[in-house]
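J.: Predicted model and sequence below, questions to follow.
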Amino acid sequence: PSYFEKLQLTRYYGLPDERIRVVPRGVSKFPPTLSKRPSLDTPRFCSVGSIKRQKNTLGLIRLFHKIRIRYPKAKLLVIGPVQDASYAADVLGEVEALGLGSAVKFTGPVVHAQLASVVAESHIHLSTSRCETFGRAIFETLALGLPNIVAAEANAAFDFLHSVPYVRFFNDVDTALTDVDATLLDWTRLSELSREVADLYH
């Protein structure tokens, strides 16, 4: 388990602290990327995580729909495997119902070593996860120069990143939309700053 999951096990399930040993997973380092991202005239968002209820992929699609009303050229890349087939069907149905078919792309599973190249054209990493017990995708996308806008609820990364300028934690859609506006306005600086995560967390 992660440290966050250990707290869940001790606080909510009453397991003795000494019965649980945490083996840190760490955050992988990537070679520096030299690719130039597309213009912010077409804001590109990505989200790294399995398609399942815990990751709240439906919430992600609904949030992106609101973003696209503000930024009609916006694109979303959903990166990760399907872990709940019936939920994935609901997600695809929502994409079609909201008229996002041309704006949302699903990559399916991605080999970890290829993550840097897959997100190379993205500007911002979004996460609507209901429970982030580690937050690896958050740390790694930051290290690759992507500011993050992520749900604050049950998010282990909050303890480490709540005071940095390149991560914004939201509790509701309106706040998330305001965060998107602010991040895009200051994107170049925030992207450069976020890369320090590659040295701070390894």
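T.: Yep, that arrived.

J.: now the strands for this protein?
T.: 44-48, 75-79, 104-108, 124-127, 148-151, 167-170 (DSSP state E).

J.: Show me what the fifth one is packed against.
T.: In terms of contact count using 3 or more CB pairs under 8 Å, 6 or more residues apart in numbering; DSSP states H and E, strand 148-151 is assigned the packing partners strand 124-127, helix 136-143, strand 167-170, helix 173-185. Quick note: C-beta positions are derived from backbone N, CA and C, even for glycine.

J.: before we move on, back to that, can I get the strands of the chain in a markdown table with mean pLDDT?
T.: Converted to a markdown table, the strands of the chain look like this (pLDDT from 0 to 100):
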| stretch | mean pLDDT |
| --- | --- |
| strand 44-48 | 98 |
| strand 75-79 | 98 |
| strand 104-108 | 97 |
| strand 124-127 | 98 |
| strand 148-151 | 98 |
| strand 167-170 | 98 |
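
J.: Could you export those strands as a markdown table, including mean neighbour count and distance to Gly59?
T.: Below are the strands of the chain laid out as a markdown table (neighbours: other CB atoms under 10 Å; distance: least, CB to CB, whole Å):
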| stretch | mean neighbour count | distance to Gly59 |
| --- | --- | --- |
| strand 44-48 | 24 | 10 |
| strand 75-79 | 22 | 12 |
| strand 104-108 | 15 | 14 |
| strand 124-127 | 27 | 10 |
| strand 148-151 | 26 | 8 |
| strand 167-170 | 22 | 11 |
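
J.: about what we covered before: out of the helices and strands packed on strand 148-151, which one sits most buried?
T.: Of the helices and strands packed on strand 148-151, the one with the most neighbours on average (mean count of other CB atoms under 10 Å) is strand 124-127, at a mean of 27.

J.: Show residues contacting it.
T.: The contact list for strand 124-127 (CB atoms under 8 Å, 6 or more residues apart in numbering) reads 43-49, 55, 60, 63-64, 76, 119, 137-138, 141-142, 146-151, 180, 183-184, 187.
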